[in-house]
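Colleague: what's the 3D shape of this:
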Amino acid sequence: MKKILLTTLAAVLIFGANFGFSNTQDFKDVTSSYWAKSYIDALRSSEIINGYPDGTFKPQANVKVNEFITMTIKALGYRFESISSDWSKPYVDKAIELKIIQDKEFQNYNAQINREQMTSIVVNALSLSEYRPSSTMDLYIRNETTDYYLVGDYYKQNVLDSYKFGIVTGYSDKTFRPKGFSTRAEASAVLSKLLNKDLRTPFVKTDARYAMMSVSTLDEFGENLEIEQALYAPLLNGKPVNEIIDMAEIFKTSAKQEGKGFLTVGSMQLSNGFGITGYQSKEYYAEILNYEGFERAMAYAQRADFTFYVGLDDLSNKFNPYHLGLNKKFSHAINDPLFSTYFFRTYEAQLKPIFQYLFGSDFDRAWSILKTSLDHKGEPKMIEEILNNRVLNVSYTMESINLTISLKK
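Modeller: Next up is the predicted model:
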């Protein structure tokens with residue numbers, strides 16, 4: 001679906017580029033110096049917008065819901081002829097079909113559209129062809145948008161994504177004005193940014209640290225796809241937690257570290273976090289690719305020795321954000337006297353830098369606790385200690401280990 005719509009959008013842009021204004025009279029009320037003239041001209045040439053019979057465009061007039069939906073669907077390359085008195089119905093129906101709007105989201109399609117509604121429509125349209133940006137920038141946007149609390153709950157995420165895409169990014173006074181109405185000129189600018197990525201100005205936080213992370217998602221055929229997205233330092237009590245970015249970089253370095261084990265690093269598109277997963281060798285991992293669909297997903301889980309995950313949802317909890325989950329695969333250690341012998345032989349070179357960063361001078365104690373839990377053969381146990389000003393909690397049985405580590409206190 002995404003590749004198909006990308007092709008459609010490209011076709012619309014080409015169409016717009018080939019049909020200029022050499023044989024067309026400009027709108028009477030859009031002067032050559034008007035701020036939105038280039039947007040209006042481009043959309044008019046692509047037959048996405050029209051003027052009025054008197055030769056005007058009325059750029060300051062407010063846009064109606066059905067008008068903006070129609071313009072958006074036209075921007076995606078669709079054209080319909082109305083077969084009823086409601087000229088916009090085919091476009092509204094297509095918007096519902098594409099999930100750009102929800103059925104019955106609007107009580108009155110002839111009402112004036114406000115900014116949060118317009119933003120939601122265009123972001124949903126854009127997400128058909130582009131992957132939504134990372135959520136780690138959301139807190140920064142909320143903190144720097146003084147009236148974000150006025151945005152309706154239904155529209156909040158799309159407004160945040162709009163800032164990250166660089167389509168509707170608010171005003172110079174740091175307000176978004178979600179309930180304000182949109183003019184025809186503003187709608188033209190927004191739709192032009194939908195079609196042309198070069199016109200966008202994504203929200204950036206120049207004083208915030210970030211790391212580029214590989215994100216796992218699916219393409220339009222349901223096949224695995226890896227894309228790169230920026231992971232920004234999350235905020236806790238209004239301050240960036242930069243150690244999360246340190247950990248992301250350490251994970252990436254560990255995944256490249258020469259060792260007997262093979263690590264994958266990244267995150268799922270919809271998960272609020274990232275991690276590494278360990279497999280006993282690169283060849284053992286590569287065999288997973290012979291499977292398809294659900295069987296491949298099961299193979300990832302069944303073949304993994306461990307997952308070290310960094311969750312970003314509740315950084316203040318003593319059991320967050322670091323989680324090491326491990327199911328002891330004794331079949332991998334059948335020739336070893338202890339399970340830790342296999343595990344450290346396979347992953348020590350890659351995991352030691354992570355534990356050294358987290359525990360500093362208390363590294364030896366943390367590593368010893370890990371070894372104890374790896375070799376445990378009795379009743380389930382739990383250890384909780386303060387190491388390097390972090391809470392280390394380990395619950396372990398004969399078969400598994402669940403280890404959590406807090407931020408530094």
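
Colleague: what's near enough to touch Ala349?
Modeller: Taking C-beta atoms under 8 Å, 6 or more residues apart in numbering, we find Ala349 in contact with 257-259. No exception for glycine: its C-beta is placed from N, CA and C like everyone else's.

Colleague: I'd assumed it was in a helix, is it?
Modeller: Yes: the assignment for Ala349 is a helix, going by DSSP: H, G, I helix; E, B strand; the rest coil.

Colleague: Local confidence estimate at it?
Modeller: pLDDT recorded at Ala349 is 92.

Colleague: Determine how far stretch 251-258 lies from the middle of the whole chain.
Modeller: In this view, stretch 251-258 has its centroid 24 Å away from the chain centroid, taken as C-alpha atoms, centre = their mean, to the nearest Å.

Colleague: typo on my end, stretch 197-211
Modeller: 14 Å.

Colleague: Give me the contacts around that stretch.
Modeller: 133, 136-137, 140-141, 163-167, 169, 192-193, 230-233, 240, 242, 245, 248-249, 252.

Colleague: Quick one: name whatever helix or strand follows the helix or strand where Leu43 lies.
Modeller: Following DSSP states H and E, one finds Leu43 within helix 37-45. Per DSSP H and E, the first helix or strand lying C-terminal to helix 37-45 is helix 65-75.

Colleague: any idea of the mean pLDDT for that next one?
Modeller: 95.

Colleague: Quote the end-to-end distance of stretch 143-153.
Modeller: With C-alpha to C-alpha, to the nearest Å applied, stretch 143-153 spans 16 Å between its terminal residues.

Colleague: outside of that stretch, which residues touch it?
Modeller: Here stretch 143-153 has contacts from 116, 141-142, 156, 159, 163, 170, 173-179, 235, 238, using C-beta under 8 Å, 6+ apart.

Colleague: how does it look with 6 Å?
Modeller: Applying C-beta atoms under 6 Å, 6 or more residues apart in numbering, the external contacts of stretch 143-153 come out as 116, 142, 159, 170, 174-176, 178.

Colleague: With stretch 62-74 instead?
Modeller: In this structure, residues lying in contact with stretch 62-74 by C-beta under 6 Å, 6+ apart are 48, 88, 91-92, 94-95, 106, 109-113, 118, 121, 125, 181-182, 184, 187, 191.

Colleague: Which parts of the stretch 101-250 of the chain are helices?
Modeller: Counting by DSSP state H, counting those that start in this stretch, one finds helices in the stretch 101-250 of the chain at the ranges 115-126, 138-143, 156-165, 184-195, 242-256.

Colleague: With the stretch 301-409 of the chain instead?
Modeller: Counting by DSSP H, counting those that start in this stretch, the helices of the stretch 301-409 of the chain are 339-359, 363-375.

Colleague: Comparing these, which comes out most buried?
Modeller: helix 339-359 (a mean of 19; mean count of other C-beta atoms under 10 Å).

Colleague: Report the beta-bridge partners for Leu392.
Modeller: Beta-bridge pairing of Leu392 under DSSP bridges involves Glu385, Ile405.

Colleague: Burial check on it, number of neighbours?
Modeller: Using other C-beta atoms under 10 Å, Leu392 has 23 neighbouring residues.

Colleague: Thought Ile383 was touching it, still the case?
Modeller: No: when contacts are counted by C-beta atoms under 6 Å, Leu392 is not listed as touching Ile383 (7.5 Å).

Colleague: Show me whatever sits in contact with both of the two.
Modeller: The contact lists of Leu392 and Ile383 share no entry, where a contact means C-beta under 6 Å, 6+ apart.

Colleague: residue farthest from the centroid of this structure?
Modeller: Most distant from the centre of the chain: Asp54, at 45.2 Å, with distances by C-alpha atoms, centre = their mean.

Colleague: In terms of pLDDT, where does that residue sit?
Modeller: Asp54 is given a pLDDT of 90.

Colleague: any idea how far Gly51 is from the nearest residue to it once chain neighbours are set aside?
Modeller: In space, Asp54 comes closest to Lys28 once its chain neighbours are excluded; the distance is 7.5 Å by C-beta to C-beta, 6 or more residues apart in numbering. Distance from Lys28 to Gly51, counting by C-beta to C-beta, to the nearest Å: 9 Å.
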